[in-house]
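K.L.:
Need a 3D model of the sequence below.
(chains A, B, C, D, E and F)
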Protein chains: 6
Amino acid sequence: MRTDRREAGQTRPVTITTGVNKYAEGSVLIEVGDTKVMCTASVEERVPPFMKGQGKGWVTAEYSMLPRATQTRNQRESARGKQNGRTMEIQRLIGRALRSVVDLHALGERTITLDCDVIQADGGTRTTSITGGFVALALAVHKLSKTANFTKYPIRDYMASVSVGVVGERAVLDLNYEEDSKAKVDMNVVMTGAGKFVEVQGTGEESPFSRAELDELLGLAESGIAGLVTKQKDVLGEAGSRIGTATV
Amino acid sequence: MRTDRREAGQTRPVTITTGVNKYAEGSVLIEVGDTKVMCTASVEERVPPFMKGQGKGWVTAEYSMLPRATQTRNQRESARGKQNGRTMEIQRLIGRALRSVVDLHALGERTITLDCDVIQADGGTRTTSITGGFVALALAVHKLSKTANFTKYPIRDYMASVSVGVVGERAVLDLNYEEDSKAKVDMNVVMTGAGKFVEVQGTGEESPFSRAELDELLGLAESGIAGLVTKQKDVLGEAGSRIGTATV
Amino acid sequence: MRTDRREAGQTRPVTITTGVNKYAEGSVLIEVGDTKVMCTASVEERVPPFMKGQGKGWVTAEYSMLPRATQTRNQRESARGKQNGRTMEIQRLIGRALRSVVDLHALGERTITLDCDVIQADGGTRTTSITGGFVALALAVHKLSKTANFTKYPIRDYMASVSVGVVGERAVLDLNYEEDSKAKVDMNVVMTGAGKFVEVQGTGEESPFSRAELDELLGLAESGIAGLVTKQKDVLGEAGSRIGTATV
Amino acid sequence: MRTDRREAGQTRPVTITTGVNKYAEGSVLIEVGDTKVMCTASVEERVPPFMKGQGKGWVTAEYSMLPRATQTRNQRESARGKQNGRTMEIQRLIGRALRSVVDLHALGERTITLDCDVIQADGGTRTTSITGGFVALALAVHKLSKTANFTKYPIRDYMASVSVGVVGERAVLDLNYEEDSKAKVDMNVVMTGAGKFVEVQGTGEESPFSRAELDELLGLAESGIAGLVTKQKDVLGEAGSRIGTATV
Amino acid sequence: MRTDRREAGQTRPVTITTGVNKYAEGSVLIEVGDTKVMCTASVEERVPPFMKGQGKGWVTAEYSMLPRATQTRNQRESARGKQNGRTMEIQRLIGRALRSVVDLHALGERTITLDCDVIQADGGTRTTSITGGFVALALAVHKLSKTANFTKYPIRDYMASVSVGVVGERAVLDLNYEEDSKAKVDMNVVMTGAGKFVEVQGTGEESPFSRAELDELLGLAESGIAGLVTKQKDVLGEAGSRIGTATV
Amino acid sequence: MRTDRREAGQTRPVTITTGVNKYAEGSVLIEVGDTKVMCTASVEERVPPFMKGQGKGWVTAEYSMLPRATQTRNQRESARGKQNGRTMEIQRLIGRALRSVVDLHALGERTITLDCDVIQADGGTRTTSITGGFVALALAVHKLSKTANFTKYPIRDYMASVSVGVVGERAVLDLNYEEDSKAKVDMNVVMTGAGKFVEVQGTGEESPFSRAELDELLGLAESGIAGLVTKQKDVLGEAGSRIGTATV
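P.N.:
Residues are numbered from 1 along each chain as shown, chains lettered A, B, ... in the order given. You can find the predicted model right below:
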């Protein structure tokens, strides 16, 4: 049994609280076990210079951790004067994942920026950011749909993310920090509501892995993500009802 | 009457929740009206290079706002590659204010870093950071006192902060963002539990102010801060019982 | 008596030399004791992007110290790659102080930049910069008034600044570096020619101060600033004659 | 058929030239079609501060493109003052991949830095850097083995990398730039000589992909990498003979 | 005799290979002894902001060394976050040298950027960059001349560069790294095909030099550069035939 | 005749005022026509890390211009976050020039930093910085000689610098800004008291120059520098009496 008494294929408790910020067009606080991420979606009626005049929108993400989100305090990136490689890699991943289910033409010349700020970290901050970020995005698009005259609803499908890995000799779902730090294989998977893959990022830095292990991990991820999507649907309710439909 | 129906000398509702971070030695979420600041105190058993070997400790602060803490999204300082002047000014102020009630020799060669991260901003973020930061600091020192063999309790007094200003023709206490943006005079005051001044920062950029106005503003601040210190005492309870005493 | 034999309420000798730069629209070298600051006012016929099209002007300031302005050499901020917090705080203060007596609408869509470069520092560099910067600004506006067709003279009043503090047990005016480094309370005050406050910034990092002490310090500042304004009037002469009048 | 007349499962011509730098402990110029990367391995007899005293070594990588490696000139990162997210992500990947086949304890307290500089880019620069970087690393370790008294040979296995993707409706191996820019799914795979996975990074930003597609892509990658490893063995010859053996 | 058996007035073997980059408008790999520099000329149909609307073009250069171009590895400037003084000085020199033989009005509103990337360094990297950069520039202009409707051929003359110095007591031509590191006087000279000076930069940091020594060094440089220009003419052939002529 | 009525071979009036800074070990304000540079020499009893333990000292220089030293205001380099290429090039030149007449072994493990801050610029700021910087250096070494127990006097010779150039068709000495901006050839020359060359930097960006022109310019520089060295000797008096002698 795992240290927190979970089964191998069991995620930690997930709570998604919406409307946690009075200014943002969409906002959630997502908690997956002790990992807590504040996700806000901000809508701007313009696109970055490199996209001007193409009649389509843009979705991007930024990721950060509060200095004491972790066991020992980390130096603030604004004080160091630059974002580190891990931060950049994660925010590029979140942005790509979100864009994979957005119809940028249907969105029109707007930018939606997802800010994922980790309040407390206990493993899985990037996957939690994606799962929560999707809900914040969906809320913002729902709000926008009331005024924006979309010709097509801009979100094509649900999308969520989870980590899987090999800890000891065992494939497990949704690693916490303790498990993550001793995992031999570590994989982050992003999937749509329809069960297709958006991102698969597996790393065996400590120990290369076999095709069989990869298959087992992907299976765990599929079931975990299905559960997270169900959760997203519950939380969004009416606000998610037009996702993936023709209705505007 | 003020737009939120407060009296001139009335603060907004104040809530201080402790223990909001599982790693930090002291942590609080302080809410003053719609302004919400997460304050964590991190203890490290070393001092910055410029203080080594002096047998005394250091207390410092960092301040930041989440990008969507405000009505329109602000660019992340880590992405811009530097902290702006306002941020630096505020974090210098918070650090000075906290040090004013700490006996650095009694603390010993340790650094306590206060991180004040504004989750949502509606005026008074720097004063709220100071008031909440003091509680986080007090919790961290209380925890430390169980293991550190202090020869003297390192906190000399309570300390809190509030803003005052002239809005319209009227002196008011604890300005929200709307009031702040149209104030002719804006003043931040930091005081100790004993009613002494630690910082007085008054600015009449739009309109210079008279000695009489200054006196009225200071009076409002004194009463507001007294109320905040009472709140701090309630919240800290036993953890604050040795502040300003000889007991270790 | 003070180490330099001054009375508690006496400023150091003040010299303001105008026309020290052949290019700047206004320039002075101000000396207050051994503190020497070169102040130049540069006029540009445009405003920063965030102010465009509002029909009003902008006044801003930058502050710097030569590396050997102080007892030991300081690293150049351009070599370090950023301005430190102290520099930013001071230049924000100088800018706010100068704007407080300028009618930005009357100025029109122009920017005046005050550069305050400390040639030698012996305490009070920020207050000296404000006092000298005002004269450079007044000279530049006077020069501009000959060609600019102002509908109203853009300077509303004189303005000067001085430091006060508690050294030992005694409130004193215009601290030099030696006094400043051992002061328990340190306050910078900016006032207009009409005797109103523009900025009051008092800090008791080492030792909180009482309302009575604050009152005594403000009294010293009032008398010191009155003397500095008299000096400014002498130096400006005709060039200052329309300050605060309806005449254009 | 593909635009360059290759079969779906065929890589571009691969050339690996060794000894292209007179100073580096190991160096190769690797050409995969029109993609050309200079890889040098530099050995230093020290480890980064965070690894001191652990009795083990470190392998790290840096990646860069010459400004005109691409169709239109890119701004130099040193002129912009920072590395972009893509660069950081790639060099982190290369470093992880290389470390996965190195026994850091056997290496001893040394750092080997792989510099992968893209001279000309036509798709697959990161996978080419890994494949070529491994050869440079192997050459450096072979050279080191003559003087270093290893107790165990520090390279555990061969390792190479290739890209696969879905272009049109078809899974193809080793995409060139033209294919890459229109691929719906893009995957980079790193495998060992023994056929185990080190990294699997698949992205369907434009179009999520099914488990069946993923399986087909992994199959292509396996065969492509096997071919690259054969090439590496040819090129290394005697210098690779102790890889994965007990012999020192 | 010199360590590599050259006569005092003899350059190292020079090889210039053209067409080494499939994207650049002009490209060469120049080898002078063991110094190897990749030079690419990139043409853009716009000029920098400060030159807009003047009806003339711009030629600029950037210089960099691969980290392991030298005996010990140098930190990458993009990782350090800024270009060092040596790099800036060299790229300013290369840019000035190239502009000296270009008729910017004849070029029209275009920018040509020369990237000189040192693949391997063994002394004389800046002079080699100039000599090779000229050929890349000439190739780019030749290519441009087929489509650009020049009213005048934009290159006025050939141009090349060499180093000279005093090593031991002897004036020598084209110093390699070993000679350069022990030279008492070091001089870089740039001259046109017509034998006029574009740049003369002589330094006697270790030992000031006499007018006679200067004269001897200039004589060596003149003969060395004449040889390099002959080489450039051979390499360019037809592509250089209109340099310095009225023909377009 | 030149616009300021000087002869071709005549320098502008030169004034060197010593002791202008109360903290620096050596300080001068040098005025050459309207160019004014403050030069301070700061002595520190340590050397940079790369020179530790070699038993010798270091001399380095930093150069900067006040923002309004020029006709139009320049952005402050500390605000831009980096020094530009021109600044770096100039301070490297000043440092090299000063070191050429200092016996670093005789100086011992000390660093002398020359800060050359241009108060007002009218051409020739780098040569003026060198000429004035030498005097500040000499004053600092003279002061140091009273306490440092030198075994040999660390300054080997006088050194000064001047610009020469071709304006119109005429070679002239010591160009002011107006002449400099229209010069076809621009050359900075640094020479010792003994009449040897330390640096010769000639540029004909606008128009290559002949050997005869170069010779004429060097002749003008020789006579100009001889005059500046005479001036330096007058100013230093006794403080310069041991320069170039065996006496300590």
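
K.L.:
residue in chain A nearest to chain C?
P.N.:
Of all residues in chain A, the one sitting closest to chain C is residue A:81 (7.2 Å; C-beta to the nearest C-beta). Using the backbone N, CA and C atoms, a C-beta is placed for each residue, glycine as well.

K.L.:
Let me see the contact set for the nearest residue to that residue once chain neighbours are set aside.
P.N.:
The shortest distance from residue A:81 to any non-neighbouring residue, by C-beta to C-beta, 6 or more residues apart in numbering or on different chains, is to residue B:81 (5.3 Å). Taking C-beta atoms under 8 Å, 6 or more residues apart in numbering or on different chains as the criterion, residue B:81 is in contact with A:81-82, D:81-82, F:81.

K.L.:
Check residue A:246 too.
P.N.:
Counted by C-beta under 8 Å, 6+ apart, residue A:246 has contacts A:152-153.

K.L.:
next one: residue A:93
P.N.:
Neighbour list for residue A:93: A:126, A:130, A:188, A:190, A:199, A:201 [criterion: C-beta under 8 Å, 6+ apart].

K.L.:
With residue A:136 instead?
P.N.:
A:24, A:26-28, A:39-41, A:114.

K.L.:
so how far is residue A:17 from it?
P.N.:
Distance, residue A:136 to residue A:17, by C-beta to C-beta, to the nearest Å: 11 Å.

K.L.:
shared neighbours of these two, anything?
P.N.:
A shared contact of residue A:136 and residue A:17, defined by C-beta under 8 Å, 6+ apart, is any residue touching both; here these are residue A:28.

K.L.:
which regions of chain A lie under the pLDDT threshold?
P.N.:
Segments of chain A classed as low confidence (criterion: pLDDT under 70) are not present in this model.

K.L.:
mind listing the helices for it?
P.N.:
A:77-80, A:85-99, A:104-107, A:125-145, A:177-182, A:211-236 (DSSP state H).

K.L.:
coming back round to it: quick check: phi and psi on the residue nearest to residue A:81?
P.N.:
With angles defined as degrees, to the nearest 10, residue B:81 sits at phi 90, psi 0.

K.L.:
ok now do the closest residue to residue A:9 other than its chain neighbours, which residues does it touch?
P.N.:
The shortest distance from residue A:9 to any residue that is not its chain neighbour, by C-beta to C-beta, 6+ apart, is 5.1 Å, and that residue is residue A:173. For residue A:173, the contacting residues are A:8-11, A:162-164, A:220-221, A:223-224, by C-beta under 8 Å, 6+ apart.

K.L.:
Okay, the spatially most central residue of chain A and chain B: tell me how far apart.
P.N.:
Nearest to the centroid of the C-alpha atoms of chain A, with distances taken as C-alpha atoms, centre = their mean, sits residue A:130, at 0.4 Å. Relative to chain B, residue A:130 is positioned 18 Å away (C-beta to the nearest C-beta, to the nearest Å).

K.L.:
Am I right that that residue is in contact with residue A:162?
P.N.:
No - applying C-beta atoms under 8 Å as the test, residue A:130 and residue A:162 come out as separate, 9.1 Å apart.

K.L.:
Return the set of buried residues in stretch A:76-94.
P.N.:
By neighbour count, with 16 or more other C-beta atoms under 10 Å in any protein chain shown as the criterion, the buried positions of stretch A:76-94 are A:76-79, A:81-83, A:85, A:87-94.

K.L.:
From the contacts of residue A:136, pick the one nearest residue B:65.
P.N.:
Out of the contacts of residue A:136, the one with the shortest distance to residue B:65 is residue A:40. That distance is 12.1 Å, counting by C-beta to C-beta.

K.L.:
partner residues bridging residue A:15?
P.N.:
Counting by DSSP bridges, residue A:15 is bridged to residue A:31.

K.L.:
tally of neighbours for it?
P.N.:
Residue A:15 has 13 neighbouring residues, counting by other C-beta atoms under 10 Å in any protein chain shown.

K.L.:
mind listing what it touches?
P.N.:
A:29-31.

K.L.:
How about residue A:222?
P.N.:
For residue A:222, the contacting residues are A:189, A:191, A:195, by C-beta under 8 Å, 6+ apart.

K.L.:
Can you verify my assumption that the first one contacts residue A:195?
P.N.:
This means residue A:189. No - counting by C-beta under 8 Å, no contact exists between residue A:189 and residue A:195, whose distance comes to 11.4 Å.

K.L.:
The two: who's more crowded?
P.N.:
Regarding residue A:189 and residue A:195, a neighbour count based on other C-beta under 10 Å identifies residue A:189 as having more, with 24 against 14.

K.L.:
who's in contact with that one?
P.N.:
A:127, A:161-164, A:197, A:199-201, A:217-218, A:221-222, A:225.

K.L.:
Same question for residue A:194.
P.N.:
A:157, A:244, D:208.

K.L.:
If we use 7 Å, what do you get?
P.N.:
Applying C-beta atoms under 7 Å, 6 or more residues apart in numbering or on different chains to residue A:194 gives the contacts residue A:157.

K.L.:
Next up, phi/psi of it, please.
P.N.:
Taking degrees, to the nearest 10 as the convention, residue A:194 sits at phi -80, psi 0.

K.L.:
What's the separation between residue A:215 and residue E:34?
P.N.:
Residue A:215 sits 52 Å away from residue E:34, going by C-beta to C-beta.

K.L.:
again, but for residue A:20
P.N.:
Taking C-beta to C-beta as the measure, residue A:20 and residue E:34 are separated by 63 Å.

K.L.:
Ok, residue A:165 next?
P.N.:
To residue E:34, residue A:165 is 49 Å away according to C-beta to C-beta.

K.L.:
okay, those two: which has more neighbours?
P.N.:
residue A:165 (26 against 16).
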